[in-house]
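Peer 1: Fold the following.
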Amino acid sequence: MTDSTENTGARLAEELRSQSEADAETTAMDAVLDAARAGRLTEDHLFRLFGRLWTLERLMYYVYGGWAMGINLNEYPPMAAYLFGKQIYDESTQEMQYLDEILRRKWSRTQTRAFDHAYGRFDIASRVGSYVFCLRALANYPQNLRIAALNLGPKVIELAWTNRFAETFPEDAVRQIFASQLAETRSHVLMGKLQVERFIRKGVETDLAKRLCAETRRDYLFVLEEIARFVLGMAEQEVRDPVGFADID
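Peer 2: Next up, the predicted model:
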């Protein structure tokens, strides 16, 4: 790889991350955190929160399963597959944390009942559904573009709001859950940076990475708005749209 190519990848990684960090400064999840700090979240609100986050996390199996089928079709070193495998493991760990908390608090007596409960049920006609299918469609692109779109887009935003929850959520048990996820999510962002720097080589890849990252950021922000609205029992228009929606076509 030439110095020019390396510089192109580094510039792209920094640009994508900076755009995502700007979107992450304020998200709809801040409304949930504000309600918690004001003492307005009940056990039912928390069940709603963990139920929706659990639903989102477990759907990543569907996404990553599709991505895994094509990871070896391009010329990537073993490092790319290893890092991808670690990311799948991390997501699985976080998914089980949410479910374990649901069962520990006896919001649901069994995992089977949690799947059947309205708070943990997946609805195709939802923003979560749109986001998951958007990610699943990235199976049509090489792994370098998938990782650029996810790890330097939604993962950057996820790291930001998760960090705010880990630092200031009033209940210690909830803080600890989110705090335990920070190192894993931060590593995903760094994985994205590394792989974009090394494996984005062509102008067409740069253009695609920018477009796909913008699309995934947009859809993830909509997911956070939907989750916050559901947790707080608010009408959609009552939750302020996250920063950046108007700037994404």
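Peer 1: From what I see, Glu158 and Arg186 are in contact.
Peer 2: No. If you go by CB atoms under 8 Å, Glu158 and Arg186 don't touch, sitting 10.1 Å apart. Any C-beta I mention is one placed from the backbone N, CA and C, and that applies to glycine too.
Peer 1: if you count what's nearby, which of the two comes out ahead?
Peer 2: Higher neighbour count among Glu158 and Arg186: Glu158, with 23 against 15, using other CB atoms under 10 Å.
Peer 1: and the one helix or strand His188 maps to, how far from the chain's centre?
Peer 2: Using DSSP states H and E, His188 sits in helix 172-199. Relative to its parent chain, helix 172-199 has a centroid offset of 10 Å by CA atoms, centre = their mean, to the nearest Å.
Peer 1: Would you tell me what the next helix or strand after it is?
Peer 2: Next in sequence after helix 172-199, counting helices and strands by DSSP H and E, comes helix 203-232.
Peer 1: residues of that next one that come out buried?
Peer 2: Using 16 or more other CB atoms under 10 Å as the test for burial, helix 203-232 gives 205-206, 208-210, 212-232.
Peer 1: show me the contacts for Ala137.
Peer 2: If you count contacts by CB atoms under 8 Å, 6 or more residues apart in numbering, Ala137 has none.
Peer 1: Which helix or which strand is home to it?
Peer 2: Ala137 is located in helix 127-137, with elements delineated by DSSP H and E.
Peer 1: now do Asp90
Peer 2: Using DSSP H and E, the element containing Asp90 is helix 78-104.
Peer 1: now for that helix, which elements pack on it?
Peer 2: On a contact count with 3 or more CB pairs under 8 Å, 6 or more residues apart in numbering; DSSP states H and E, helix 78-104 meets helix 43-68, helix 111-116, helix 143-151, helix 172-199.
Peer 1: mean confidence score for that helix?
Peer 2: Helix 78-104 carries an average pLDDT of 95.
Peer 1: For the protein, give me the ranges with low pLDDT.
Peer 2: Low-confidence segments of the chain (pLDDT under 70): 1-6, 70, 72-75, 235-249.
Peer 1: Confirm for me that Ser180 is in contact with Gln97.
Peer 2: Yes. With contacts counted by CB under 8 Å, Ser180 reaches Gln97, the gap being 7.1 Å.
Peer 1: Compare neighbour counts for these two and give me the winner.
Peer 2: A count of neighbours by other CB under 10 Å puts Gln97 above the other of Ser180 and Gln97, at 19 against 14.
Peer 1: For the more buried one, which residues are in contact?
Peer 2: Here Gln97 is in contact with 177, 180-181 (criterion: CB under 8 Å, 6+ apart).
Peer 1: cool, and Ala38?
Peer 2: Contacts of Ala38 by CB under 8 Å, 6+ apart: none found.
Peer 1: Now it, what are its backbone angles?
Peer 2: Per-residue torsions, Ala38: phi -90, psi 0 (degrees, to the nearest 10).
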